[in-house]
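> Fold the following and give me the result.
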Amino acid sequence: MLTAENVKTYIESSLPCEHVLVEGDDGVHFHALIVSSEFKGKNVVQQHQLVYKSLGGRMKQEIHALSMKTLTPEQWTAASQ
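Model prediction:
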């Protein structure tokens, strides 16, 4: 069964990230917060496409649903204050 830690590792191995938090305990439904400078200048759809690309075929084969919030480091800093 796929774990949230597996999903986190898959994302981090293909996408440079400053912070990744993945939650989910049923093995197919996950929620993620992803902070990456790669998101700068991209709209939300483009940011999510980068994450889907980092997961590759796993999105079709192993992960049933992934809800995510994507932020640039600047947005993350502002949200944290």
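> all strands in the protein, in order from the N-terminus.
Applying DSSP state E to the chain gives strands spanning 19-23, 29-35, 65-71.
> between those strands, which gets nearest to Gly41?
Smallest distance to Gly41 across those (C-beta to C-beta): 12.8 Å, for strand 65-71. In this view, the C-beta of every residue, glycine as well, is placed from N, C-alpha and C.
> picking up where we left off before, so of the strands of the chain, which one's packed in deepest?
Mean neighbours per residue, mean count of other C-beta atoms under 10 Å, is largest over those for strand 29-35, with a mean of 19.
> Just the angle for that strand relative to strand 65-71, thanks.
Angle, strand 29-35 to strand 65-71, by axes from the mean of the first three to the mean of the last three C-alpha atoms, to 10 degrees: 10 degrees.
> What lies in contact with strand 29-35?
For strand 29-35, contacts defined as C-beta atoms under 8 Å, 6 or more residues apart in numbering pick out 4, 7-8, 11, 15, 17-24, 51, 63-73, 75-76.
> about what we covered before: could you export the strands of the chain as a markdown table, including mean pLDDT and distance to Arg58?
A markdown table is the format used below for those (pLDDT from 0 to 100; distance: least, C-beta to C-beta, whole Å):
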| stretch | mean pLDDT | distance to Arg58 |
| --- | --- | --- |
| strand 19-23 | 98 | 12 |
| strand 29-35 | 97 | 11 |
| strand 65-71 | 97 | 10 |
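> Nearest to Gln47, out of those?
Comparing the strands of the chain by C-beta to C-beta, strand 65-71 comes nearest, at 4.0 Å.
> Run me through the strand neighbours of the closest one, direction for each.
strand 29-35 (parallel) (DSSP bridges).
> before we move on, the earlier item: could you redo the strands of the chain as TSV and give each row distance to Lys42?
Below are those laid out as TSV (distance: least, C-beta to C-beta, whole Å):
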stretch	distance to Lys42
strand 19-23	17
strand 29-35	12
strand 65-71	9
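> if we compare those, which one ends up closest to Val44?
Judging the strands of the chain by C-beta to C-beta, what sits closest to Val44 is strand 65-71, at 6.7 Å.
> ok, now how distant is the most centrally placed residue in the chain from Glu74?
The centroid of the chain falls nearest to Ile34 when counting by C-alpha atoms, centre = their mean (4.6 Å). The gap separating Ile34 from Glu74 is 14 Å, by C-beta to C-beta, to the nearest Å.
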